[in-house]
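Engineer: when you get a sec, could you give me coordinates for this:
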Amino acid sequence: MYLKKIEGPRAVTLPDGSIMTRADLPPAHTTRWVASRKAAVVRAVAYGLMSRDEAKAHWAISDEELDCWTDALARHGPAALKVTQVQRFRQP
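Structural biologist: Residues are numbered from 1 along each chain as shown. This is a model prediction of the structure:
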C-alpha cells in the first residue's frame with residue numbers, strides 16, 4: 001500500500017477520544033457547506049491536523065470565513081454553523 005507523503009500528522013485524537021483523519025474532511029471541491037463540514041474543518045485546524053493556511057488554500061475559503069466558523073462553534077456549538085441560524089446567533 002502506498003501512502004502519499006504529507007506535511008503534518010495523518011490523524012489526531014480529539015478531546016472526546018475519537019480519531020480524526022484527513023479522510024474525515026470534506027472534499028476540496030465542496031461548494032455546499034453544511035454545518036457538519038464546517039465543524040470538521042474548524043476541528044482539523046484547531047487540533048493540528050492541518051494548518052490554517054493549508055485549510056484556506058485547500059477549500060478556497062477566506063480568513064474572515066474561517067474566523068466566523070471558529071467563533072460561532074466556540075461560542076454556540078455546531079448549531080450556530082447552520083445558515084438558517086445566522087440571525088439567531090449573530091447579533092449586530
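Engineer: can you check what pLDDT the model gives V34?
Structural biologist: Among the per-residue scores, V34 holds a pLDDT of 93.
Engineer: roughly how far does it sit from P26?
Structural biologist: V34 is 9 Å from P26, where distance means Cβ to Cβ, to the nearest Å. Backbone N, C-alpha and C define where each C-beta goes, glycine included.
Engineer: so between those two, which is more surrounded?
Structural biologist: More crowded of V34 and P26, by other Cβ atoms under 10 Å: P26, with 17 against 13.
Engineer: neighbours around the spatially closest residue to that one that is not a sequence neighbour, how many?
Structural biologist: Once flanking residues are discounted, P26 sits nearest to R37: 4.3 Å by Cβ to Cβ, 6 or more residues apart in numbering. Neighbourhood size, R37 [other Cβ under 10 Å]: 17.
Engineer: look up phi and psi at R37.
Structural biologist: Phi and psi for R37, reported as degrees, to the nearest 10, are phi -70, psi -40.
Engineer: does it touch T30 like I think?
Structural biologist: Yes: in terms of Cβ atoms under 8 Å, R37 counts as a neighbour of T30; the distance is 6.3 Å.
Engineer: spell out the residue ranges of the helices in the chain.
Structural biologist: 35-46, 52-59, 63-76, 86-89 (DSSP state H).
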